[in-house]
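*Asks:* Prediction below, plus the sequence it came from.
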Amino acid sequence: MSTEDTTTVGSFQLPSIVPRLLSNRKILVGLTVLLPIIVITALGESITPYDPLQTHVADKYAAPGGQYLLGTDNLGRDILSRLITGGQSSLLLGFGATAVSMSAGVPIGLSAGYLKGRVDEVLMRLMDIMMSVPVLLLGILILVALSSNIVNVILAIGIVYVPRIARVTRSATLAVSEEPYVMAAKARGESTSHILFKEIMPNVMAPIVVEGSIRVGYAIMIGTSLSFLGLGAGPPHADWGYMIATARLHIYQTPWFLLWPSLALLVTIMAINILGDGLRDVLDPRAMEGEL
Amino acid sequence: MNYLYLGKRLVIAFLSLLVVSSVVFAMTMALPGSAAEIILGTQQTEQSVQQVREEMGLDRPLSERYVDFVIGVFTLDFGDSLISDQPVTEMLIPRLIRTLQLAVVAMLLSIVLAIPMGVIAAAKRDTLSDTAITNVSYVGVSLPSFVSASLLLLFFTTGPLGIFPSGGYEPLSEGFIPWVRHLALPAIALNFVVFAYVLRQTRSSMIETLESDYIRTARLKGLAERSVLARHALRNGLLPTVTVLAINFGWMMGSVVIVEEIFSYPGMGRLIVQAIAERDLPVIQAGILVPTAAFVFANLLADVVYTVLDPRIELGEK
């Protein structure tokens, strides 16, 4: 793909890009799986067969089928209903945290890549230092310092992934920072923020969108891992990680309780990863694999 | 080799550790609740809390504690545990050794499984085996380690396939078989994501290498495909994998927290979880800093290995 081509794709002209996106098989597969999951979890309690918090003590550890489609948990709560509402916080974590990392990482990357020199050096060293702490440990550290509620969990995971977004944005910015349209804007005397957000940003969106889409999957992974460790939002926001943590204590009574949320998590993250891969194939074919 | 560059990298690595340790210090200071309150439990009075805090040195000025802490970090003296009074370094070493065993076995598993599979997938691109391998890698990168660990626990510690113990640790001195049996499941769980990730990276960089001009030349010379692969493509195609392995070492150092907790493996990860529950500040600080340091130096090492494998690269110009 020529540079010119990338620039048009990068500028994200929606009408021309949509058919190309939808002709990619990975994107189609990802969307076909992901959209129903999003719709079902968004509808949440209005479509759950039972109240997700309602315990049916006489029916605990029920097997799938029959009255409870996916069985019941250790307190006799309907697993399907809990899966649907638990999905809300799991997905919210993923998308929310990615939004946080983008809103900090993109400006950092744009400034570093455009201003170069000392600004670049300082910002990127800072990002390197953040990345030197293993992600899960950084998440744990932030969450034990703050208290665990859903907003803090989203913030913590968002912060953890700022450096990755910043690095991708920076290298895309470096590539276009000497382009004629940037020079022209500079010559017109436009402000730095105008150049960053109005001139450069629309042209570097492609790799950022790709990176962001892959981040959503990892954010869900880290978010559910943290709540598995008891550092998540916790009840009533019982996400899939929390469900699995509880289920693990009862695997000898009912394996289903563990299997369903595991499957939900696997299918959701996999759909996001496949979608992200497809987006990369179309939007940013030369990009390397993402980083964990 | 460029020693100046290496020196610069070393300085940066130490600076990173200094900054990270300051941040860790600040954040552990912000922890809600204190060890004094947790030790005293329900019997606390304002006076007894104050007394225990004095005994623990928690009442000293923050700046003094900070300086002590930083000096400690670089002399590997993290103070005493607030709960057990044991020196933290003494608590840490046996656990670090166990965790490193786990990480090394998992890393070796990834290398032994992922690299050949990635090379095969690239060499037989778009065939059935490539598709199969790629799909396996999708499952791998999408399965959080707490899920794979829980599933392994479910399938391989009970029922017909229950051939592994559900947790614990046996030192190698007790025999190879018991050691492996205890290490197998946690190592596989830890390896899962990394395996898939290394596989994908190997596949894509091998594909890129196989499409390059010098490989085309080698083929045109009439070399057999096998020798093109083995003699020419592997060396360059595997270079990015070195970096990827180093990055993944960091991921592993985080994931051990989860995997060790699930398999009751007495390593660093379990220690951190326990220390957080008990607000044992020195242990939390060390428990986060030691794996971070290991990760920083793993990256440095990868850089060195990279140059040794590829003399064309002049460090510092990258």
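*Replies:* Okay, I see it. Numbering: from 1, shown residues only, chains lettered A, B, ... in the order given.

*Asks:* how about the residue nearest in space to the middle of chain A, phi and psi?
*Replies:* By CA atoms, centre = their mean, chain A has its centre lying nearest to A:Val216, at 1.3 Å. Torsion angles at A:Val216 (phi, psi; degrees, to the nearest 10) stand at phi -60, psi -40.

*Asks:* Give me the contacts around stretch A:90-102.
*Replies:* Stretch A:90-102 has contacts (CB atoms under 8 Å, 6 or more residues apart in numbering or on different chains) with A:37-38, A:41, A:150, A:153-162, A:164-165, A:208, A:212, A:215-217, A:219-220, A:222-224, A:239-241, A:265, A:268, A:272. For the C-beta atoms, the positions are set from N, CA and C on the backbone; glycine is no exception.

*Asks:* need the contact list for the closest residue to B:Ser129 other than its chain neighbours.
*Replies:* Among residues not flanking B:Ser129 along the chain, B:Ile120 sits closest, at 6.3 Å (CB to CB, 6 or more residues apart in numbering or on different chains). Counting by CB under 8 Å, 6+ apart, B:Ile120 touches B:129-130, B:133.

*Asks:* so where does the closest residue to chain B within the stretch 1-150 of chain A fall, helix or strand?
*Replies:* Residue of the stretch 1-150 of chain A nearest chain B, by CB to the nearest CB: A:Leu136 (3.0 Å). Assigned by DSSP states H and E, A:Leu136 falls within helix A:135-145.

*Asks:* now that helix: mean pLDDT?
*Replies:* Regarding helix A:135-145, the rounded mean pLDDT is 85.

*Asks:* on that earlier part again, need the buried ones from the contacts of B:Ile120 selected in ChimeraX.
*Replies:* Here is the ChimeraX command that selects the buried residues among those (16 or more other CB atoms under 10 Å in any protein chain shown):
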select /B:130,133
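
*Asks:* Contact distance from chain A - what residues of the stretch 201-318 of chain B qualify?
*Replies:* B:201, B:204, B:240, B:244, B:247-248, B:250-251, B:253-255, B:257-258, B:261-262, B:272-273, B:276, B:284, B:288, B:291-292, B:295-296, B:299 (CB under 8 Å from any CB of the partner chain).

*Asks:* out of the contacts of stretch A:90-102, which are buried?
*Replies:* Buried among these by 16+ other CB under 10 Å: A:37, A:41, A:150, A:153-162, A:164-165, A:208, A:212, A:215-217, A:219-220, A:222-224, A:239-241, A:265, A:268, A:272.

*Asks:* from the contacts of stretch A:90-102, which are also near chain B?
*Replies:* Okay, of the contacts of stretch A:90-102 touching chain B (CB under 8 Å from any CB), that's A:217, A:224, A:241, A:265, A:272.

*Asks:* which one of those residues sits closest to B:Leu40?
*Replies:* Checking these against B:Leu40 by CB to CB gives A:Gly241 as the nearest, at 32.3 Å.

*Asks:* Could you give the number of residues near A:Ser148?
*Replies:* 17 (other CB atoms under 10 Å in any protein chain shown).

*Asks:* secondary structure class for the nearest residue to it once chain neighbours are set aside?
*Replies:* The shortest distance from A:Ser148 to any non-neighbouring residue, by CB to CB, 6+ apart, is to A:Leu231 (5.4 Å). What DSSP: H, G, I helix; E, B strand; the rest coil gives for A:Leu231 is coil.

*Asks:* contacting residues for A:Leu231?
*Replies:* A:139-140, A:143-144, A:148, A:153.

*Asks:* And the helices in the stretch 151-292 of chain A?
*Replies:* Per DSSP state H, counting those that start in this stretch, the stretch 151-292 of chain A carries helices over the ranges A:162-176, A:180-187, A:192-194, A:201-228, A:240-248, A:256-283.

*Asks:* would you list the ones you listed in TSV and tack on mean pLDDT and distance to A:Met102?
*Replies:* Shown next, in TSV, are the helices of the stretch 151-292 of chain A (pLDDT from 0 to 100; distance: least, CB to CB, whole Å):
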stretch	mean pLDDT	distance to A:Met102
helix A:162-176	92	6
helix A:180-187	92	22
helix A:192-194	93	17
helix A:201-228	90	6
helix A:240-248	88	23
helix A:256-283	90	14
